[in-house]
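# Turn this into a structure:
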Amino acid sequence: MLFSRRWPRALILCLLLLAVTEFAVREFRPHFLTQTSGLIAHKKALLNSPEPLNYDAIILGDSQILRVDATYMSEKISAALGRPFTVYNFAIPNHGLRTYPLLIKKYLAHHRRPQFILIAIAPIATTGEWSIRDSFERTSSLYSLAELYSLAELSGTLPRKTFLAMVTIKIESLSTLVLYRARIRELLQNPNGENAERVRTQHQQLKRYSGGHLTRLRVRMTPDELKTVKYYDWPVYPSPEAVSWYKEAFRTTRDSGIQVLIANTPLPEEITRNRDRDGSTRRYTDLIREFTTEFDNVEVLPPLVRSYSFENFEDWHHVNQQGAQRFIKELTDGLTAYLTARDPGPDTRPDVPGRN
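Residues are numbered from 1 along each chain as shown. Coordinates of the predicted model:
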């Protein structure tokens, strides 16, 4: 009886202490967590900014389109149009399909509506391979969700089992802060240490490239290693779950008067040839046609499937520096041509540049 009375109080006290700990070291978390955590923290702060953002276009996607330098795009497009045009890259690694409507709604709730959203829809992503399933499985997408959104924001958007998994991740992150108390103390005493410099450098790059970030993989994949990756000849069969979450994102943009441009990232020629042979490209093209038919605000910024030689890649789907430069130029030229053909003339909106 005594145990049953004290246990709830002890649990509440423990959770309270964990919450206080998280609040106290919030600004220092990116210093000792992963590179992805620092990137998410940077973009989360931007999303939660009290000063409304005012970008003309934002980019959504995962680590593949994260490598797009949005500052370059803004400068080139502004010069071509003869007026300011700002772009920000909100791509986040391992973001998962369910997060697109979440991020769009969060952005619209705090900031000025962008005219355009560029979204990368990799063919493999339509299979649901990286989506969040109705299970207790703790995937990388769930960890990204846990860092970017609060439980209150996620309530009602995830299946029960998945939401419970999210709760355990939140508790785990709080426990981690307690376990890292010595590291936190070190950071408080020496805020200009090695990790702090790493985070500062990362944030400087995110600011310089307006959310873009070209991370380098430790080992470059060889052509022979490419053939051993399971996605090398993975057939694309769109899953109902993946389709439903893309459609929710498109519905949100349509209801808000935002034009969506599907701007896909490159893939190695070897993989696209395999998908051409097994019908994957046809099935993927049919799905995109379904999207553009159902939603009049969704268009493709061609080409839909962009093939590069493998010398432009670090692995089976991440471009290297050479590939990134080529893709950024092609994407910028494509968007410039699209805007130039539809440009109504000088922008009558107040000139309030977005923040970096």
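# Count the neighbours of residue 255 for me.
Using other CB atoms under 10 Å, the number of residues around residue 255 comes to 10. The C-beta positions use only the backbone N, C-alpha and C, and glycine is treated the same way.
# any idea how far residue 44 is from it?
Residue 255 sits 25 Å away from residue 44, taking CB to CB, to the nearest Å as the criterion.
# show me the contacts for residue 66.
89, 91, 92, 93, 212, 213, 215 (CB atoms under 8 Å, 6 or more residues apart in numbering).
# The first one: neighbour count?
One way to gauge burial is a neighbour count; for residue 89, by other CB under 10 Å, it gives 27.
# separation between it and residue 152?
Between residue 89 and residue 152 the computed distance is 27 Å (CB to CB).
# so how far is the host helix or strand of residue 335 off the chain centroid?
Here residue 335 is covered by helix 321-342, with elements defined by DSSP states H and E. Remark: helix 321-342 is offset 20 Å from the chain centroid, using CA atoms, centre = their mean, to the nearest Å.
# what bridges to residue 308?
Taking DSSP bridges as the rule, residue 308 bridges to residue 268.
# which ones are touching it?
Taking CB under 8 Å, 6+ apart, we find residue 308 in contact with 266, 267, 268, 269, 319, 323, 326, 327.
# Against residue 142, how distant is the last one?
I take that to be residue 327. As for residue 327, its distance to residue 142 is 29 Å (criterion: CB to CB).
# re earlier: can I get the contacts of residue 66 in CSV including secondary structure and pLDDT?
Formatted as CSV, the entries for those read as follows, by DSSP: H, G, I helix; E, B strand; the rest coil; pLDDT from 0 to 100:
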residue, secondary structure, pLDDT
89, strand, 95
91, coil, 89
92, coil, 84
93, coil, 78
212, coil, 82
213, coil, 77
215, coil, 65
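# Buried among those? Need that as a selection in PyMOL.
The following PyMOL selection, which keeps only the buried ones among the contacts of residue 66, applies the criterion 16 or more other CB atoms under 10 Å:
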select buried, resi 89+91+92+93+212+213
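# could I get the contacts of residue 66 as TSV with distance to residue 239?
Below are the contacts of residue 66 laid out as TSV (distance: CB to CB, whole Å):
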residue	distance to residue 239
89	27
91	22
92	21
93	21
212	30
213	29
215	29
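# how close does residue 93 get to residue 38?
From residue 93 over to residue 38 (counting by CB to CB), the distance is 11 Å.
# How about residue 248?
Distance, residue 248 to residue 38, using CB to CB: 29 Å.
# Which of those two has more residues huddled nearby?
More neighbours surround residue 38 than the other of residue 248 and residue 38, with 22 against 18 (other CB under 10 Å).
# Show me what the helix or strand where that one lies packs onto, helices and strands only.
Residue 38 belongs to helix 35-47 when elements are defined using DSSP H and E. Counting contacts by 3 or more CB pairs under 8 Å, 6 or more residues apart in numbering; DSSP states H and E, helix 35-47 packs against helix 29-32, helix 99-110, helix 140-148, helix 194-208.
# which of these has the lowest average pLDDT?
In terms of average pLDDT, helix 29-32 trails the rest of these, at a mean of 48.
# hang on, the earlier thing: any quick ChimeraX command for the buried ones out of the contacts of residue 308?
Buried residues within the contacts of residue 308, by 16+ other CB under 10 Å, are selected in ChimeraX with:
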select :266,267,268,319,323,327
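# okay if I get the contacts of residue 308 as JSON lines plus distance to residue 73 and pLDDT?
Listed next are the contacts of residue 308 as JSON lines, based on distance: CB to CB, whole Å; pLDDT from 0 to 100:
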{"residue": "266", "distance to residue 73": "16", "pLDDT": "95"}
{"residue": "267", "distance to residue 73": "21", "pLDDT": "94"}
{"residue": "268", "distance to residue 73": "24", "pLDDT": "95"}
{"residue": "269", "distance to residue 73": "25", "pLDDT": "95"}
{"residue": "319", "distance to residue 73": "16", "pLDDT": "91"}
{"residue": "323", "distance to residue 73": "17", "pLDDT": "93"}
{"residue": "326", "distance to residue 73": "14", "pLDDT": "95"}
{"residue": "327", "distance to residue 73": "11", "pLDDT": "95"}
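# Where does pLDDT dip in the stretch 1-150 of the chain?
Residues of the stretch 1-150 of the chain meeting the criterion pLDDT under 70: 1-8, 10-11, 14-15, 17-37, 95-98, 130-141, 143.
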